[in-house]
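Chemist: Coordinates for the following, if possible.
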Amino acid sequence: MTTVTFLTGEYPPMQGGIADHTAYLAQHMAPLGVESQVLISRRWQQAAPASIPAGHVRALVPNWSWRCWPAIAGYLAERQPHVLHIQYQAAAFELRGWVNWLPWYLRRRRGRTKIITTLHDLRIPYIFPKAGPLRWKSVLALARHSDAVICTNREDLEQLAAALGDDSPPHLTLIPLGSNVEPQPPAGFDRAVWRANYHADDSTLLLAYFGFLNDSKGGEELIEALALLRRQGINARLLLIGGDVGHADPTNQAYAQKVQAQIDRLGLADVVERTGYVDLPQVSACLLAADAVVMPYRDGVSFRRTTLIAALRHGCPVVSTEPAQPNLIPEIVPGDNMLLAPPRNAAALAQTIAPLANDANLRRELSAGAKALGQMFDWSEIASQTAALYQTVTQSHF
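Modeler: As a prediction, this is how the structure comes out:
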């Protein structure tokens, strides 16, 4: 039996991709003989109803300042799990840099627990004003002092390996993310009825966007593209699935307000629907009801986006944006399993979406391609690869 503690900045019922990823990973680890516990800050208790049993979740960390170090070290000294698995994304840890130096601190204490870090992305923490290069160095420190590092996509893996050079951890590997929503709509799901809930019939091109709104995800281009489609006489509507801001990134709120102002300015309030935060079966139903999922990332399409992976797993026709390094994401074949537009270009985005309005065959082909591509992100395989890494890292020590 391998014991692992997941250190995370968010966990259900907190809203966020890191929360969902950690919960799914823990769930799929159990059948593999991995016993897990979640270590999180006391902020989790503010989101968790009293009815949720807290045995699996230990909200012992005061906050993500320097005070997290002794709290985590004390927990490890008491519990002595084989692995501390850090689920890192800067915003989930309040954009502070203290967690980044936690492996360095723990190594100085010479504990028995091995440290594995999953870098969900390479976004740098804020730390303090004018921190400058220290922000990137803190990300490198997190990787350098871990016993193993998991990157979720090739772009991050290559960038990190090049930056670390000979200082790379003993095990630097690629394990993809899984979907934060599997295709499991409510019992009795009827696509036509569900579409009607959002004023969409057979003549409607129902577009969906899934996830929080922030500056990197192209929400403004999406709204402008919707306006352009309607000016062309296409009966397009937009369904915004999920909450707007989540619990992690404080910049989401301002950007969501900016997008809403654009909706109002362009007179689109009657054709943009919001689900708000809903449970996973309802998210699944909304994805299945849409004619296409549009995710116009400003930094290009990437498998670091769990909401994209969810759309693929549901077999949704997907419209996204051209990746910065297409050679590092060869699985995406434009026209076969996805349609791609240039980033930050609303006119081109509308032009890419438009053929979907009257071409059912194209929608079917893209749906089949998306579903095939989505098989890469099977949770059982992700859990097996992660458990194998635990074994490799710990076998020489325990």
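
Chemist: Report pLDDT for A256.
Modeler: pLDDT, A256: 84.

Chemist: For the stretch 51-200 of the chain, which residues score under the pLDDT cut-off?
Modeler: Residues of the stretch 51-200 of the chain meeting the criterion pLDDT under 70: 51-54.

Chemist: can you do 90?
Modeler: 51-56, 91, 95-96, 109-112, 123-134, 166-170, 180 (pLDDT under 90).

Chemist: And the helices in it?
Modeler: For the stretch 51-200 of the chain, the helices defined by DSSP state H, counting those that start in this stretch occupy 68-79, 102-108, 134-144, 154-164, 191-196.

Chemist: Just give me how far the first one sits from the chain centre.
Modeler: Translated: helix 68-79. Centre-to-centre, helix 68-79 and its host chain are 27 Å apart (C-alpha atoms, centre = their mean, to the nearest Å).

Chemist: again with stretch 102-112
Modeler: 28 Å.

Chemist: in that stretch, what counts as buried?
Modeler: Under the neighbour-count criterion of 16 or more other C-beta atoms under 10 Å, stretch 102-112 has 102-103, 105-106 buried. All C-beta atoms are positioned from the backbone trio N, CA, C, and that covers glycine.

Chemist: that older thread, and L32, which of the helices of the stretch 51-200 of the chain is closest to it?
Modeler: helix 68-79 (19.9 Å; C-beta to C-beta).

Chemist: which of the buried residues of stretch 102-112 sit farthest apart?
Modeler: Greatest spatial distance in the buried residues of stretch 102-112: P103 and Y105, 7.3 Å, computed using C-beta to C-beta.

Chemist: Give me the pLDDT for the residue of the chain positioned farthest from its centre.
Modeler: Distance from the centre of the chain peaks at G233, with 34.4 Å (C-alpha atoms, centre = their mean). Note on G233: pLDDT of 96.

Chemist: quick one: it is in a strand?
Modeler: No - secondary structure of G233 (DSSP: H, G, I helix; E, B strand; the rest coil): coil, not part of a strand.

Chemist: So what does it look like in phi/psi?
Modeler: The phi/psi pair for G233 (degrees, to the nearest 10) reads phi 90, psi 10.

Chemist: What separation do you get for it and V283?
Modeler: Distance of G233 to V283, given as C-beta to C-beta, to the nearest Å: 31 Å.

Chemist: ditto for L7
Modeler: In terms of C-beta to C-beta, L7 sits 26 Å off from V283.

Chemist: And Q27, by the same measure?
Modeler: 17 Å.

Chemist: Between these two, point out the one with more neighbours.
Modeler: V283 (24 against 12; other C-beta atoms under 10 Å).

Chemist: Pretty sure the more buried one sits against V181.
Modeler: Yes - with contacts counted by C-beta atoms under 8 Å, V283 reaches V181, the gap being 4.9 Å.

Chemist: Find the residues that touch each one of the two.
Modeler: Common contacts of V283 and V181 (C-beta atoms under 8 Å, 6 or more residues apart in numbering): 210, 310.

Chemist: Now M338: phi and psi?
Modeler: Dihedral angles (degrees, to the nearest 10) for M338: phi -170, psi 150.

Chemist: so it makes contact with S367?
Modeler: No - M338 is beyond contact range of S367, at 11.0 Å (criterion: C-beta under 8 Å).

Chemist: out of these two, which sits in the busier spot?
Modeler: M338 (22 against 18).

Chemist: Which residues are in contact with the more buried one?
Modeler: So M338 contacts 301, 318-320, 332, 366, 369-370, 373 (C-beta under 8 Å, 6+ apart).

Chemist: now, which of the residues you listed sits nearest A383?
Modeler: Using C-beta to C-beta, the contacts of M338 come closest to A383 at L373, 19.9 Å.

Chemist: what residues are up against the residue nearest to the closest one when sequence neighbours are not counted?
Modeler: Spatial nearest neighbour of L373, excluding adjacent residues (C-beta to C-beta, 6 or more residues apart in numbering): N337 at 4.6 Å. Residues in contact with N337 (C-beta under 8 Å, 6+ apart) are 312, 318, 331, 366, 369-370, 372-373.

Chemist: This protein: strands as residue ranges?
Modeler: Shown for the chain, the strands assigned by DSSP state E span residues 2-8, 34-41, 57-61, 83-88, 114-119, 148-151, 171-174, 205-210, 236-241, 272-276, 292-294, 318-321, 339-341.

Chemist: partners of the third one in the sheet?
Modeler: Within its sheet, strand 57-61 is paired with strand 34-41 (parallel), according to DSSP bridges.

Chemist: quick one: the strand it pairs with to strand 83-88, angle?
Modeler: Here strand 34-41 runs at an angle of 50 degrees relative to strand 83-88 (axes from the mean of the first three to the mean of the last three C-alpha atoms, to 10 degrees).

Chemist: Residue numbering should commence at 13 henceforth.
Modeler: Sure, I'll start counting at 13 from here, so that last one is strand 46-53.

Chemist: buried stuff in strand 46-53?
Modeler: For strand 46-53, the neighbour count (16+ other C-beta under 10 Å) marks 46, 48-53 as buried.

Chemist: do stretch 279-293 as well
Modeler: Buried residues in stretch 279-293 (16+ other C-beta under 10 Å): 280, 283-285, 287, 292.

Chemist: Contacts made by it with the rest, please.
Modeler: Stretch 279-293 has contacts (C-beta under 8 Å, 6+ apart) with 27, 193-194, 196-198, 210-211, 235, 238-239, 242, 248-256, 275, 294-295, 298.

Chemist: and if you look at stretch 354-367?
Modeler: For stretch 354-367, using C-beta under 8 Å, 6+ apart, the contacting residues are 217, 219, 230, 232-234, 236-238, 240-241, 244, 246, 248, 304, 306, 308-312, 331, 333-334, 351-353, 374.

Chemist: switch the cut-off to 7 Å
Modeler: For stretch 354-367, contacts defined as C-beta atoms under 7 Å, 6 or more residues apart in numbering pick out 230, 233, 236-237, 240-241, 244, 246, 304, 306, 308-310, 312, 331, 333-334, 351, 353, 374.

Chemist: what does stretch 142-160 give?
Modeler: The contact list for stretch 142-160 (C-beta under 7 Å, 6+ apart) reads 100, 109, 112-113, 115-116, 119, 126-129, 131, 134, 136-137, 139, 161, 172, 175-176, 179, 181-183, 401, 405.
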